[in-house]
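starting from these lines, generate the structure:
(4 chains)
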There are 4 protein chains.
Amino acid sequence: MTPVQKVQALLQDRFPGLMGVEMTEVTQDRVCATLRVRPELCTGGEILHGGAIMAFADTLGAIGTVINMPEGARTATIESKTNFIGGARVDTTVHGEATPIHKGKTTQVWQTRVTGADGKLVGIVTQTQIVMAK
Amino acid sequence: MTPVQKVQALLQDRFPGLMGVEMTEVTQDRVCATLRVRPELCTGGEILHGGAIMAFADTLGAIGTVINMPEGARTATIESKTNFIGGARVDTTVHGEATPIHKGKTTQVWQTRVTGADGKLVGIVTQTQIVMAK
Amino acid sequence: MTPVQKVQALLQDRFPGLMGVEMTEVTQDRVCATLRVRPELCTGGEILHGGAIMAFADTLGAIGTVINMPEGARTATIESKTNFIGGARVDTTVHGEATPIHKGKTTQVWQTRVTGADGKLVGIVTQTQIVMAK
Amino acid sequence: MTPVQKVQALLQDRFPGLMGVEMTEVTQDRVCATLRVRPELCTGGEILHGGAIMAFADTLGAIGTVINMPEGARTATIESKTNFIGGARVDTTVHGEATPIHKGKTTQVWQTRVTGADGKLVGIVTQTQIVMAK
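The predicted structure is shown next:
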(Lines give C-alpha, C1' and ligand atoms only; values in the text may rest on other atoms or scores of the structure.)
Protein backbone atom coordinates (compact mmCIF):
# COMPACT_ATOMS: atom_id res chain seq x y z
CA MET A 1 0.00 0.00 0.00
CA THR A 2 1.14 3.57 -0.67
CA PRO A 3 1.32 6.04 2.24
CA VAL A 4 -1.93 7.60 0.97
CA GLN A 5 -3.67 4.23 0.99
CA LYS A 6 -2.35 3.35 4.45
CA VAL A 7 -3.62 6.58 5.93
CA GLN A 8 -6.93 6.27 4.10
CA ALA A 9 -7.41 2.81 5.58
CA LEU A 10 -6.80 4.12 9.08
CA LEU A 11 -9.36 6.89 8.68
CA GLN A 12 -12.14 4.73 7.28
CA ASP A 13 -14.01 3.71 10.43
CA ARG A 14 -13.33 6.93 12.25
CA PHE A 15 -14.65 10.49 12.15
CA PRO A 16 -12.76 11.47 8.97
CA GLY A 17 -14.29 8.42 7.30
CA LEU A 18 -17.78 9.44 8.40
CA MET A 19 -17.18 12.86 6.87
CA GLY A 20 -15.73 11.45 3.67
CA VAL A 21 -12.15 12.74 3.79
CA GLU A 22 -10.19 11.45 0.77
CA MET A 23 -6.40 11.56 1.15
CA THR A 24 -4.50 12.63 -1.95
CA GLU A 25 -0.92 13.22 -0.74
CA VAL A 26 1.02 12.16 2.34
CA THR A 27 4.61 13.32 2.60
CA GLN A 28 6.71 14.68 5.45
CA ASP A 29 6.28 18.25 4.26
CA ARG A 30 2.79 18.24 2.81
CA VAL A 31 -0.43 16.40 3.55
CA CYS A 32 -3.38 16.92 1.20
CA ALA A 33 -6.94 15.66 0.94
CA THR A 34 -10.28 16.50 -0.57
CA LEU A 35 -13.72 16.60 0.98
CA ARG A 36 -17.00 16.49 -0.91
CA VAL A 37 -19.49 18.99 0.54
CA ARG A 38 -22.41 16.62 1.00
CA PRO A 39 -25.67 18.09 2.36
CA GLU A 40 -25.16 16.37 5.73
CA LEU A 41 -21.87 18.24 6.21
CA CYS A 42 -23.59 21.60 5.83
CA THR A 43 -25.04 24.23 8.06
CA GLY A 44 -27.92 26.57 7.27
CA GLY A 45 -27.64 28.20 3.87
CA GLU A 46 -26.22 25.03 2.37
CA ILE A 47 -22.61 25.84 3.06
CA LEU A 48 -20.00 23.58 4.64
CA HIS A 49 -20.29 23.62 8.46
CA GLY A 50 -17.38 25.38 10.17
CA GLY A 51 -16.97 22.34 12.35
CA ALA A 52 -16.44 20.16 9.30
CA ILE A 53 -13.74 22.54 8.07
CA MET A 54 -11.98 22.34 11.45
CA ALA A 55 -12.27 18.56 11.65
CA PHE A 56 -10.97 18.17 8.10
CA ALA A 57 -7.90 20.32 8.85
CA ASP A 58 -7.29 18.74 12.23
CA THR A 59 -7.06 15.37 10.54
CA LEU A 60 -4.42 16.56 8.08
CA GLY A 61 -2.26 18.30 10.69
CA ALA A 62 -2.32 15.22 12.91
CA ILE A 63 -1.31 12.97 10.02
CA GLY A 64 1.56 15.33 9.19
CA THR A 65 2.78 15.02 12.75
CA VAL A 66 2.52 11.24 12.82
CA ILE A 67 4.54 11.01 9.59
CA ASN A 68 7.32 13.05 11.15
CA MET A 69 7.56 11.69 14.68
CA PRO A 70 9.82 8.89 15.91
CA GLU A 71 8.45 5.39 15.78
CA GLY A 72 6.41 4.46 18.81
CA ALA A 73 5.69 8.06 19.78
CA ARG A 74 2.14 9.28 20.19
CA THR A 75 0.57 12.66 19.43
CA ALA A 76 -2.48 14.68 20.36
CA THR A 77 -3.75 18.06 19.20
CA ILE A 78 -3.42 20.42 22.13
CA GLU A 79 -4.80 23.54 20.50
CA SER A 80 -6.23 24.66 17.19
CA LYS A 81 -7.12 28.04 15.72
CA THR A 82 -9.21 28.70 12.63
CA ASN A 83 -9.98 31.78 10.61
CA PHE A 84 -13.01 31.27 8.38
CA ILE A 85 -12.69 33.29 5.19
CA GLY A 86 -15.26 32.15 2.63
CA GLY A 87 -18.12 29.70 2.29
CA ALA A 88 -17.97 26.39 0.43
CA ARG A 89 -21.28 25.53 -1.20
CA VAL A 90 -23.04 22.18 -1.11
CA ASP A 91 -22.13 19.73 -3.90
CA THR A 92 -18.72 21.27 -4.45
CA THR A 93 -15.41 19.80 -3.28
CA VAL A 94 -12.91 21.48 -0.98
CA HIS A 95 -9.19 20.82 -0.92
CA GLY A 96 -6.99 20.85 2.17
CA GLU A 97 -3.23 21.30 2.23
CA ALA A 98 -1.31 21.02 5.50
CA THR A 99 2.30 22.18 5.77
CA PRO A 100 4.60 22.32 8.80
CA ILE A 101 5.43 25.56 10.61
CA HIS A 102 7.55 23.79 13.21
CA LYS A 103 8.75 20.22 13.70
CA GLY A 104 10.15 20.00 17.21
CA LYS A 105 10.86 17.11 19.50
CA THR A 106 8.03 17.88 21.92
CA THR A 107 5.66 19.87 19.70
CA GLN A 108 4.85 20.25 16.04
CA VAL A 109 2.84 23.12 14.55
CA TRP A 110 0.98 22.61 11.26
CA GLN A 111 -1.04 25.01 9.17
CA THR A 112 -3.78 23.88 6.82
CA ARG A 113 -5.30 25.91 4.01
CA VAL A 114 -8.75 24.81 2.91
CA THR A 115 -9.71 26.08 -0.52
CA GLY A 116 -12.82 25.84 -2.65
CA ALA A 117 -13.31 24.48 -6.16
CA ASP A 118 -12.43 27.93 -7.51
CA GLY A 119 -9.19 28.02 -5.54
CA LYS A 120 -10.49 30.69 -3.14
CA LEU A 121 -9.60 30.40 0.52
CA VAL A 122 -12.34 28.87 2.69
CA GLY A 123 -10.39 28.79 5.95
CA ILE A 124 -6.97 28.57 7.47
CA VAL A 125 -6.22 26.40 10.50
CA THR A 126 -3.11 26.41 12.71
CA GLN A 127 -2.72 23.65 15.26
CA THR A 128 -0.18 22.48 17.83
CA GLN A 129 0.47 18.78 18.31
CA ILE A 130 2.21 17.50 21.38
CA VAL A 131 4.56 14.56 20.79
CA MET A 132 4.97 12.04 23.57
CA ALA A 133 7.93 9.66 23.41
CA LYS A 134 7.14 5.98 23.67
CA MET B 1 -42.41 23.50 20.07
CA THR B 2 -40.02 24.61 22.79
CA PRO B 3 -36.84 26.50 21.83
CA VAL B 4 -34.88 23.27 22.35
CA GLN B 5 -37.16 21.37 19.99
CA LYS B 6 -37.08 24.12 17.37
CA VAL B 7 -33.28 24.17 17.34
CA GLN B 8 -33.11 20.37 17.34
CA ALA B 9 -35.36 20.26 14.29
CA LEU B 10 -33.12 22.71 12.44
CA LEU B 11 -30.02 20.65 13.16
CA GLN B 12 -31.43 17.31 12.11
CA ASP B 13 -30.46 17.13 8.44
CA ARG B 14 -27.24 19.03 8.89
CA PHE B 15 -23.77 18.28 10.23
CA PRO B 16 -24.77 18.43 13.92
CA GLY B 17 -27.50 15.91 13.13
CA LEU B 18 -25.00 13.59 11.45
CA MET B 19 -22.86 13.79 14.57
CA GLY B 20 -25.79 13.24 16.93
CA VAL B 21 -25.87 16.55 18.83
CA GLU B 22 -28.78 16.58 21.29
CA MET B 23 -29.86 20.02 22.48
CA THR B 24 -30.78 20.25 26.16
CA GLU B 25 -31.04 23.99 26.88
CA VAL B 26 -31.45 27.05 24.68
CA THR B 27 -31.61 30.41 26.41
CA GLN B 28 -30.08 33.81 25.65
CA ASP B 29 -27.32 33.29 28.20
CA ARG B 30 -26.69 29.57 27.99
CA VAL B 31 -26.86 26.93 25.27
CA CYS B 32 -26.28 23.31 26.26
CA ALA B 33 -26.24 19.97 24.48
CA THR B 34 -24.94 16.45 24.81
CA LEU B 35 -23.08 14.29 22.34
CA ARG B 36 -22.75 10.53 22.50
CA VAL B 37 -19.19 9.41 21.69
CA ARG B 38 -20.04 6.83 19.05
CA PRO B 39 -17.14 4.90 17.47
CA GLU B 40 -17.51 6.79 14.18
CA LEU B 41 -16.87 10.10 15.98
CA CYS B 42 -13.54 8.87 17.30
CA THR B 43 -9.93 9.07 16.31
CA GLY B 44 -7.21 6.51 17.01
CA GLY B 45 -7.23 5.23 20.56
CA GLU B 46 -11.00 5.30 20.72
CA ILE B 47 -11.30 8.84 21.96
CA LEU B 48 -13.53 11.60 20.58
CA HIS B 49 -11.94 13.26 17.52
CA GLY B 50 -10.78 16.81 18.15
CA GLY B 51 -12.70 17.88 15.09
CA ALA B 52 -15.92 16.55 16.60
CA ILE B 53 -15.26 18.55 19.76
CA MET B 54 -14.76 21.70 17.71
CA ALA B 55 -17.82 21.08 15.55
CA PHE B 56 -19.97 20.39 18.62
CA ALA B 57 -18.88 23.65 20.25
CA ASP B 58 -19.17 25.67 17.06
CA THR B 59 -22.79 24.59 16.79
CA LEU B 60 -23.61 25.79 20.32
CA GLY B 61 -21.88 29.16 19.95
CA ALA B 62 -23.65 29.83 16.68
CA ILE B 63 -27.03 28.98 18.20
CA GLY B 64 -26.31 31.33 21.10
CA THR B 65 -25.65 34.12 18.62
CA VAL B 66 -28.80 33.45 16.60
CA ILE B 67 -30.90 33.53 19.77
CA ASN B 68 -29.53 36.97 20.62
CA MET B 69 -29.44 38.74 17.30
CA PRO B 70 -32.16 40.96 15.80
CA GLU B 71 -34.75 39.28 13.63
CA GLY B 72 -33.67 38.94 10.03
CA ALA B 73 -29.98 39.24 10.81
CA ARG B 74 -27.54 36.54 9.74
CA THR B 75 -24.40 35.25 11.41
CA ALA B 76 -21.25 33.34 10.53
CA THR B 77 -18.36 32.10 12.63
CA ILE B 78 -15.33 34.15 11.64
CA GLU B 79 -12.80 32.52 13.95
CA SER B 80 -12.59 29.79 16.55
CA LYS B 81 -9.93 28.72 19.04
CA THR B 82 -9.83 25.48 20.98
CA ASN B 83 -7.69 24.19 23.80
CA PHE B 84 -7.90 20.42 24.13
CA ILE B 85 -7.51 19.35 27.74
CA GLY B 86 -8.56 15.73 28.19
CA GLY B 87 -9.81 12.81 26.18
CA ALA B 88 -13.41 11.59 26.02
CA ARG B 89 -13.64 7.84 25.62
CA VAL B 90 -15.88 5.96 23.21
CA ASP B 91 -19.34 5.02 24.50
CA THR B 92 -19.40 7.88 27.00
CA THR B 93 -21.37 11.11 26.61
CA VAL B 94 -19.91 14.62 26.60
CA HIS B 95 -21.74 17.76 27.63
CA GLY B 96 -21.29 21.20 26.08
CA GLU B 97 -22.20 24.51 27.69
CA ALA B 98 -21.84 27.73 25.72
CA THR B 99 -21.99 31.12 27.45
CA PRO B 100 -21.51 34.62 26.03
CA ILE B 101 -18.34 36.63 26.56
CA HIS B 102 -19.61 39.52 24.45
CA LYS B 103 -22.90 40.35 22.75
CA GLY B 104 -22.24 43.28 20.45
CA LYS B 105 -24.11 44.67 17.49
CA THR B 106 -21.55 43.53 14.90
CA THR B 107 -19.86 40.66 16.71
CA GLN B 108 -20.64 38.17 19.45
CA VAL B 109 -18.05 36.07 21.28
CA TRP B 110 -19.08 32.77 22.88
CA GLN B 111 -17.13 30.30 24.95
CA THR B 112 -18.04 26.63 25.16
CA ARG B 113 -16.85 24.20 27.79
CA VAL B 114 -17.02 20.54 26.80
CA THR B 115 -16.88 18.17 29.73
CA GLY B 116 -16.83 14.41 30.12
CA ALA B 117 -19.14 12.09 31.98
CA ASP B 118 -17.01 12.60 35.08
CA GLY B 119 -17.29 16.37 34.82
CA LYS B 120 -13.67 16.78 33.78
CA LEU B 121 -12.82 19.33 31.12
CA VAL B 122 -12.36 17.87 27.63
CA GLY B 123 -11.88 21.14 25.78
CA ILE B 124 -12.69 24.81 25.78
CA VAL B 125 -13.63 26.69 22.62
CA THR B 126 -13.86 30.45 22.10
CA GLN B 127 -15.38 31.72 18.87
CA THR B 128 -16.30 35.03 17.25
CA GLN B 129 -19.52 35.36 15.29
CA ILE B 130 -20.07 38.24 12.91
CA VAL B 131 -23.62 39.58 12.82
CA MET B 132 -24.88 41.01 9.55
CA ALA B 133 -28.01 43.16 9.63
CA LYS B 134 -30.81 42.15 7.30
CA MET C 1 9.12 39.55 50.98
CA THR C 2 5.57 38.49 50.14
CA PRO C 3 4.94 36.51 46.94
CA VAL C 4 3.61 39.70 45.35
CA GLN C 5 6.79 41.58 46.22
CA LYS C 6 9.03 38.76 45.02
CA VAL C 7 7.30 38.63 41.65
CA GLN C 8 7.29 42.42 41.37
CA ALA C 9 11.03 42.49 41.95
CA LEU C 10 11.58 39.95 39.18
CA LEU C 11 9.54 41.97 36.69
CA GLN C 12 11.19 45.30 37.37
CA ASP C 13 14.00 45.35 34.81
CA ARG C 14 12.09 43.40 32.24
CA PHE C 15 9.31 44.12 29.75
CA PRO C 16 6.50 44.10 32.35
CA GLY C 17 8.52 46.65 34.33
CA LEU C 18 8.90 48.88 31.28
CA MET C 19 5.14 48.73 30.82
CA GLY C 20 4.40 49.40 34.48
CA VAL C 21 2.70 46.16 35.52
CA GLU C 22 1.87 46.26 39.26
CA MET C 23 1.24 42.86 40.86
CA THR C 24 -1.60 42.76 43.38
CA GLU C 25 -2.18 39.06 44.04
CA VAL C 26 -0.10 35.94 43.50
CA THR C 27 -1.62 32.63 44.53
CA GLN C 28 -1.73 29.20 42.93
CA ASP C 29 -5.24 29.74 41.65
CA ARG C 30 -5.29 33.44 40.87
CA VAL C 31 -2.75 35.97 39.70
CA CYS C 32 -3.82 39.64 39.55
CA ALA C 33 -2.20 42.91 38.59
CA THR C 34 -3.04 46.43 37.48
CA LEU C 35 -1.67 48.48 34.61
CA ARG C 36 -1.90 52.25 34.29
CA VAL C 37 -2.80 53.26 30.74
CA ARG C 38 -0.01 55.77 30.18
CA PRO C 39 0.07 57.59 26.82
CA GLU C 40 3.13 55.61 25.69
CA LEU C 41 1.18 52.36 26.05
CA CYS C 42 -1.53 53.57 23.67
CA THR C 43 -2.31 53.29 20.02
CA GLY C 44 -4.14 55.83 17.85
CA GLY C 45 -7.28 57.19 19.47
CA GLU C 46 -5.64 57.18 22.87
CA ILE C 47 -6.67 53.68 23.83
CA LEU C 48 -4.47 50.94 25.26
CA HIS C 49 -2.53 49.16 22.49
CA GLY C 50 -3.69 45.61 21.85
CA GLY C 51 -0.10 44.49 22.19
CA ALA C 52 0.08 45.91 25.69
CA ILE C 53 -3.07 43.99 26.63
CA MET C 54 -1.54 40.76 25.32
CA ALA C 55 1.82 41.39 27.03
CA PHE C 56 0.08 42.21 30.32
CA ALA C 57 -1.92 38.99 30.22
CA ASP C 58 1.00 36.87 29.06
CA THR C 59 2.92 37.99 32.11
CA LEU C 60 0.16 36.92 34.49
CA GLY C 61 -0.38 33.52 32.89
CA ALA C 62 3.34 32.78 32.97
CA ILE C 63 3.56 33.74 36.65
CA GLY C 64 0.63 31.48 37.43
CA THR C 65 2.45 28.60 35.77
CA VAL C 66 5.71 29.25 37.60
CA ILE C 67 3.88 29.31 40.94
CA ASN C 68 2.44 25.87 40.20
CA MET C 69 5.31 24.00 38.66
CA PRO C 70 7.86 21.79 40.42
CA GLU C 71 11.00 23.47 41.67
CA GLY C 72 13.71 23.68 39.05
CA ALA C 73 11.30 23.33 36.15
CA ARG C 74 11.16 25.96 33.43
CA THR C 75 8.24 27.24 31.35
CA ALA C 76 7.61 29.06 28.09
CA THR C 77 4.43 30.30 26.47
CA ILE C 78 3.86 28.17 23.40
CA GLU C 79 0.68 29.81 22.16
CA SER C 80 -1.67 32.61 23.10
CA LYS C 81 -5.09 33.72 21.86
CA THR C 82 -6.79 37.01 22.58
CA ASN C 83 -10.26 38.34 21.94
CA PHE C 84 -10.38 42.12 22.18
CA ILE C 85 -13.74 43.29 23.45
CA GLY C 86 -13.61 46.95 24.49
CA GLY C 87 -11.16 49.84 24.58
CA ALA C 88 -9.35 51.12 27.68
CA ARG C 89 -8.83 54.87 27.57
CA VAL C 90 -5.62 56.70 28.37
CA ASP C 91 -5.15 57.73 32.01
CA THR C 92 -7.38 54.95 33.32
CA THR C 93 -6.19 51.74 34.98
CA VAL C 94 -6.92 48.22 33.80
CA HIS C 95 -7.06 45.13 35.97
CA GLY C 96 -5.94 41.65 34.98
CA GLU C 97 -7.00 38.40 36.60
CA ALA C 98 -5.48 35.10 35.50
CA THR C 99 -7.01 31.78 36.52
CA PRO C 100 -6.04 28.25 35.53
CA ILE C 101 -8.00 26.18 33.03
CA HIS C 102 -5.61 23.25 33.27
CA LYS C 103 -2.60 22.43 35.41
CA GLY C 104 -0.90 19.44 33.85
CA LYS C 105 2.56 18.00 34.17
CA THR C 106 3.69 19.01 30.68
CA THR C 107 1.35 21.91 29.95
CA GLN C 108 -0.68 24.47 31.83
CA VAL C 109 -3.46 26.58 30.32
CA TRP C 110 -4.33 29.94 31.87
CA GLN C 111 -7.03 32.45 31.02
CA THR C 112 -6.73 36.12 31.82
CA ARG C 113 -9.57 38.62 31.90
CA VAL C 114 -8.54 42.24 31.48
CA THR C 115 -11.17 44.69 32.66
CA GLY C 116 -11.43 48.47 32.67
CA ALA C 117 -11.97 50.89 35.53
CA ASP C 118 -15.74 50.43 35.09
CA GLY C 119 -15.43 46.66 35.32
CA LYS C 120 -16.21 46.15 31.65
CA LEU C 121 -14.29 43.50 29.73
CA VAL C 122 -11.39 44.86 27.66
CA GLY C 123 -10.03 41.53 26.50
CA ILE C 124 -9.73 37.86 27.30
CA VAL C 125 -6.52 35.90 26.74
CA THR C 126 -6.01 32.13 26.80
CA GLN C 127 -2.47 30.81 26.72
CA THR C 128 -0.67 27.47 26.88
CA GLN C 129 2.55 27.14 28.85
CA ILE C 130 4.85 24.22 28.30
CA VAL C 131 6.57 22.92 31.44
CA MET C 132 10.02 21.43 31.08
CA ALA C 133 11.37 19.35 33.94
CA LYS C 134 14.74 20.31 35.29
CA MET D 1 7.74 61.66 3.43
CA THR D 2 7.74 58.06 2.21
CA PRO D 3 5.04 55.67 3.47
CA VAL D 4 7.63 54.15 5.81
CA GLN D 5 8.47 57.56 7.27
CA LYS D 6 4.81 58.51 7.65
CA VAL D 7 4.03 55.33 9.56
CA GLN D 8 7.18 55.65 11.66
CA ALA D 9 6.17 59.17 12.67
CA LEU D 10 2.74 57.97 13.76
CA LEU D 11 4.24 55.22 15.93
CA GLN D 12 6.79 57.38 17.68
CA ASP D 13 4.90 58.54 20.78
CA ARG D 14 2.90 55.34 21.09
CA PHE D 15 3.54 51.81 22.33
CA PRO D 16 5.48 50.70 19.22
CA GLY D 17 7.73 53.73 19.72
CA LEU D 18 8.34 52.80 23.35
CA MET D 19 9.33 49.34 22.20
CA GLY D 20 11.55 50.61 19.40
CA VAL D 21 9.75 49.27 16.32
CA GLU D 22 11.54 50.43 13.15
CA MET D 23 9.46 50.26 9.98
CA THR D 24 11.30 49.07 6.89
CA GLU D 25 8.58 48.45 4.28
CA VAL D 26 4.97 49.56 3.97
CA THR D 27 3.06 48.37 0.93
CA GLN D 28 -0.47 47.07 0.42
CA ASP D 29 0.72 43.46 0.36
CA ARG D 30 3.63 43.50 2.79
CA VAL D 31 4.49 45.41 5.93
CA CYS D 32 7.93 44.86 7.48
CA ALA D 33 9.82 46.18 10.46
CA THR D 34 12.70 45.34 12.76
CA LEU D 35 12.90 45.36 16.53
CA ARG D 36 16.08 45.47 18.58
CA VAL D 37 15.92 43.04 21.51
CA ARG D 38 16.92 45.47 24.25
CA PRO D 39 17.17 44.09 27.82
CA GLU D 40 13.98 45.91 28.87
CA LEU D 41 11.99 44.01 26.21
CA CYS D 42 13.05 40.67 27.66
CA THR D 43 11.68 38.15 30.06
CA GLY D 44 13.65 35.79 32.31
CA GLY D 45 16.54 34.10 30.56
CA GLU D 46 17.28 37.19 28.51
CA ILE D 47 15.00 36.34 25.64
CA LEU D 48 12.43 38.59 23.99
CA HIS D 49 9.18 38.67 26.00
CA GLY D 50 6.28 36.91 24.27
CA GLY D 51 4.22 40.02 24.82
CA ALA D 52 6.71 42.09 22.86
CA ILE D 53 6.50 39.62 19.98
CA MET D 54 2.71 39.88 19.98
CA ALA D 55 2.74 43.67 20.24
CA PHE D 56 5.28 43.94 17.42
CA ALA D 57 3.17 41.76 15.13
CA ASP D 58 -0.09 43.43 16.10
CA THR D 59 1.37 46.74 15.00
CA LEU D 60 2.31 45.42 11.56
CA GLY D 61 -1.04 43.74 10.92
CA ALA D 62 -2.92 46.88 11.90
CA ILE D 63 -0.78 49.03 9.59
CA GLY D 64 -1.42 46.61 6.74
CA THR D 65 -5.14 47.00 7.30
CA VAL D 66 -5.01 50.79 7.43
CA ILE D 67 -3.06 50.88 4.17
CA ASN D 68 -5.78 48.85 2.47
CA MET D 69 -8.98 50.31 3.86
CA PRO D 70 -11.06 53.10 2.34
CA GLU D 71 -10.26 56.63 3.39
CA GLY D 72 -12.01 57.69 6.56
CA ALA D 73 -12.57 54.11 7.74
CA ARG D 74 -11.31 52.97 11.13
CA THR D 75 -9.99 49.60 12.27
CA ALA D 76 -9.43 47.66 15.47
CA THR D 77 -7.89 44.27 16.15
CA ILE D 78 -10.70 41.99 17.27
CA GLU D 79 -8.65 38.84 17.84
CA SER D 80 -5.07 37.65 17.60
CA LYS D 81 -3.42 34.24 17.82
CA THR D 82 0.27 33.54 18.26
CA ASN D 83 2.37 30.40 18.10
CA PHE D 84 5.74 30.89 19.75
CA ILE D 85 8.39 28.78 18.06
CA GLY D 86 11.86 29.87 19.13
CA GLY D 87 13.52 32.37 21.42
CA ALA D 88 15.18 35.63 20.34
CA ARG D 89 18.17 36.51 22.49
CA VAL D 90 18.94 39.88 23.99
CA ASP D 91 21.05 42.22 21.84
CA THR D 92 19.93 40.61 18.61
CA THR D 93 17.40 42.05 16.16
CA VAL D 94 14.17 40.40 15.04
CA HIS D 95 12.39 41.00 11.76
CA GLY D 96 8.65 41.03 11.24
CA GLU D 97 6.85 40.52 7.94
CA ALA D 98 3.08 40.86 7.75
CA THR D 99 1.15 39.64 4.70
CA PRO D 100 -2.60 39.55 4.08
CA ILE D 101 -4.65 36.36 4.26
CA HIS D 102 -7.91 38.17 3.54
CA LYS D 103 -8.84 41.73 2.60
CA GLY D 104 -12.57 42.03 2.97
CA LYS D 105 -14.89 44.99 3.31
CA THR D 106 -15.74 44.34 6.95
CA THR D 107 -12.72 42.32 8.09
CA GLN D 108 -9.10 41.84 7.14
CA VAL D 109 -6.92 38.96 8.31
CA TRP D 110 -3.12 39.40 8.43
CA GLN D 111 -0.38 36.97 9.31
CA THR D 112 2.98 38.08 10.63
CA ARG D 113 6.14 36.00 10.73
CA VAL D 114 8.73 37.12 13.26
CA THR D 115 12.19 35.76 12.56
CA GLY D 116 15.54 36.01 14.33
CA ALA D 117 18.89 37.25 13.10
CA ASP D 118 19.60 33.75 11.81
CA GLY D 119 16.37 33.66 9.85
CA LYS D 120 14.79 31.10 12.17
CA LEU D 121 11.14 31.46 13.07
CA VAL D 122 10.51 33.10 16.45
CA GLY D 123 6.74 33.27 16.23
CA ILE D 124 3.78 33.47 13.89
CA VAL D 125 0.79 35.71 14.56
CA THR D 126 -2.58 35.71 12.83
CA GLN D 127 -4.98 38.54 13.58
CA THR D 128 -8.40 39.75 12.49
CA GLN D 129 -9.06 43.44 12.03
CA ILE D 130 -12.58 44.79 11.86
CA VAL D 131 -13.07 47.67 9.42
CA MET D 132 -15.69 50.27 10.26
CA ALA D 133 -16.84 52.60 7.48
CA LYS D 134 -16.65 56.28 8.20
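
number of residues surrounding the nearest residue to A:K6 once chain neighbours are set aside?
Spatially, and ignoring its direct neighbours in sequence, A:K6 is nearest to A:V26 (7.9 Å; C-beta to C-beta, 6 or more residues apart in numbering or on different chains). Any C-beta I mention is one placed from the backbone N, CA and C, and that applies to glycine too. The local packing of A:V26 (other C-beta atoms under 10 Å in any protein chain shown) involves 22 other residues.

quick check: mean pLDDT of the helix or strand where A:V26 lies?
Using DSSP states H and E, A:V26 maps to strand A:22-27. For strand A:22-27, mean pLDDT rounds to 98.

the next helix or strand after it vs chain B: in contact?
In the C-terminal direction, the helix or strand that comes right after strand A:22-27 (DSSP H and E) is strand A:30-36. No. Strand A:30-36 lies out of reach of chain B by C-beta under 8 Å from any C-beta of the partner chain, never closer than 11.4 Å.

elements contacting strand A:30-36?
If contacts are counted by 3 or more C-beta pairs under 8 Å, 6 or more residues apart in numbering or on different chains; DSSP states H and E, strand A:30-36 sits against strand A:22-27, helix A:50-68, strand A:93-103.

neighbouring strands - and their directions - for the last one?
Using DSSP bridges, the neighbouring strands of strand A:93-103 in the sheet come out as strand A:30-36 (antiparallel), strand A:107-115 (antiparallel).

returning to what we had before: buried residues, the strand holding A:V26. List them.
A:M23, A:V26 (16 or more other C-beta atoms under 10 Å in any protein chain shown).

same for it, what does it pack against?
helix A:3-11, strand A:30-36, helix A:50-68.

now that strand and strand A:93-103, what's the angle there?
Interaxial angle of strand A:22-27 relative to strand A:93-103 (axes from the mean of the first three to the mean of the last three C-alpha atoms, to 10 degrees): 30 degrees.

how far off helix A:3-11 does strand A:22-27 point, in degrees?
130 degrees.

most neighbours per residue, which of the helices and strands packed on strand A:30-36?
Stretch with highest mean neighbour count among these: helix A:50-68 (a mean of 27; mean count of other C-beta atoms under 10 Å in any protein chain shown).

on that earlier part again, the residue nearest to A:K6 pairs with what?
A:V31.

ok, now which ones touch it?
A:P3, A:V4, A:K6, A:V7, A:I63, A:I67 (C-beta atoms under 8 Å, 6 or more residues apart in numbering or on different chains).

hmm, 7 Å instead?
A:P3, A:V4, A:V7, A:I63, A:I67 (C-beta atoms under 7 Å, 6 or more residues apart in numbering or on different chains).

so which residues on chain A come close to chain D?
A:K81, A:N83, A:I85, A:I101, A:H102, A:V109, A:L121, A:I124, A:T126, A:T128 (C-beta under 7 Å from any C-beta of the partner chain).

the fifth one is in contact with D:R113, isn't it?
No. A:H102 lies out of contact with D:R113 (C-beta atoms under 7 Å); the separation is 11.8 Å.

overlap in contacts, the two.
With C-beta under 7 Å, 6+ apart as the test, A:H102 and D:R113 both reach D:L121.

spell out which parts of chain A neighbour chain B.
Residues of chain A lying near chain B (C-beta under 7 Å from any C-beta): A:13-15, A:18, A:39-43, A:49-52, A:54-55, A:58-59, A:76-84.

what residues does stretch A:127-134 touch?
Outside stretch A:127-134, the residues that reach it (C-beta under 7 Å, 6+ apart) are A:58, A:61-62, A:65, A:69, A:72-80, A:105-110, C:78-79, D:83.

run the last query once more with 6 Å
Applying C-beta atoms under 6 Å, 6 or more residues apart in numbering or on different chains, the set of residues contacting stretch A:127-134 from outside is A:61, A:65, A:69, A:72-80, A:106-110, C:79.

what of stretch A:54-71?
In contact with stretch A:54-71 (C-beta under 6 Å, 6+ apart) are residues A:7, A:16, A:21, A:28, A:31, A:33, A:35, A:75, A:77, A:80, A:82, A:96, A:98, A:103, A:108, A:110, A:112, A:125, A:127, A:129, A:131, B:50-51, B:54-55.

just the buried subset of those residues, please.
Judged by 16+ other C-beta under 10 Å, buried ones among the contacts of stretch A:54-71: A:7, A:16, A:21, A:31, A:33, A:35, A:75, A:77, A:80, A:82, A:96, A:98, A:103, A:108, A:110, A:112, A:125, A:127, A:129, A:131, B:50-51, B:54-55.

that concludes my questions; thank you for your assistance.
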